[in-house]
Every structure is written in C-alpha cells, then in structure tokens.
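In: Give me coordinates for this.
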Amino acid sequence: QVQLDESGGGLVQAGGSLRLSCAALGTIFSINAMGWYRQAPGKQRELVANITRGGNTNYADSVKGRFTISRDNAKNTVYLQMNSLKSEDTAVYYCHADGLLTYGSSWWGDEYWGQGTQVTVSS
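Out: Residues are numbered from 1 along each chain as shown. All right, here's what the predicted structure looks like:
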C-alpha cells in the first residue's frame, strides 16, 4: 500500500521561509511526476509546482522566483522550498504523485494525494 507522508508546514511571518517534504512510502517502482498543490479557504485547489522524474519543473506564476521544487528519486521524496512567503500563500498544501507504479497499479501508473499540511503566513 502506498501513501504520501508530508511534513514541514507551520506558522511563519511574512517574508519568512518554510520547507515542505513529501515521501512516497511503500513498494514503488517509479513515479513520473511529483508536486504540490494548495487550497485556500473558499478557493479551488491549484497547482503550486511539479517536477518530473527527469527534473523538468513547472511553477504557478504566483510562486515563480520564490519557491523551488526539488526531488530525490532514490528516496521517492519531493521538496518545496518556500521563500519570501506572503499572506496569500496561506493554504493547505497537498503532495501529489502521478504515474506511480506499484504492485497492482495500472500500466501507466496511478495518482496519489497526501493528506495535506497547513501553511499559515502571518502579515
């Protein structure tokens, strides 16, 4: 059974930094893309950043230049370094894995979500 284990959320002042981590646990053969989404109260879940197994990255315009996503394929872990945080970054951040191959998965891999970690930026 596969699960995504998130850590690193919390409360920080505007201008501060946080680092989120997400480890995919279980018997995993490979993961195509890993990334982070966020959902603020009353808003839809949105993509923050993702990264492919080969290291190609994609960022939301609102976080470009402030957030950096990275990945350790050997550990099936993705990181999100968040700098220069703003109050509008306050949200629940969800780890996402796509194209995850494990026992019993579809041939193209399955999609998994973490439970979410709260990030609160005080102004």
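In: When you work out contacts or count neighbours from here on, use the C-alpha atoms and nothing else.
Out: Noted.
In: Just give me the residue closest to the centre of the protein.
Out: Of all residues in the chain, the one closest to the mean position by C-alpha atoms, centre = their mean is Trp36, 2.6 Å from it.
In: what about that one, which helix or strand?
Out: Element membership for Trp36, per DSSP states H and E: strand 30-39.
In: contact partners of that strand?
Out: 45-53, 69, 76, 78, 80, 91-102, 109 (C-alpha atoms under 8 Å, 6 or more residues apart in numbering).
In: rewinding a little: what's the spacing between the residue nearest to the centre of the chain and Asp110?
Out: For Trp36, the distance to Asp110 equals 16 Å [C-alpha to C-alpha, to the nearest Å].
In: what does Asp61 give?
Out: Applying C-alpha to C-alpha to Asp61 and Asp110 gives a distance of 27 Å.
In: neighbour-wise, which of those two wins?
Out: In terms of neighbours (other C-alpha atoms under 10 Å), Asp110 is the more surrounded of Asp61 and Asp110; the figures are 16 against 9.
In: How much space separates the more buried one from Leu100?
Out: Distance from Asp110 to Leu100, by C-alpha to C-alpha: 5 Å.
In: same deal with Val12?
Out: 32 Å.
In: okay, these two: which has more neighbours?
Out: Leu100 (23 against 18).
In: Compute the distance between the more buried one and Ala24, please.
Out: For Leu100 relative to Ala24 (C-alpha to C-alpha), the value is 9 Å.
In: so Val48 sits right up against Thr57, yeah?
Out: No: between Val48 and Thr57 there is no contact under C-alpha atoms under 8 Å: 10.7 Å.
In: what's the burial count for Phe29?
Out: With other C-alpha under 10 Å as criterion, Phe29 counts 11.
In: got the contact list for it?
Out: 100-102.
In: let's see it at 6 Å
Out: By C-alpha atoms under 6 Å, 6 or more residues apart in numbering, Phe29 lies in contact with 101-102.
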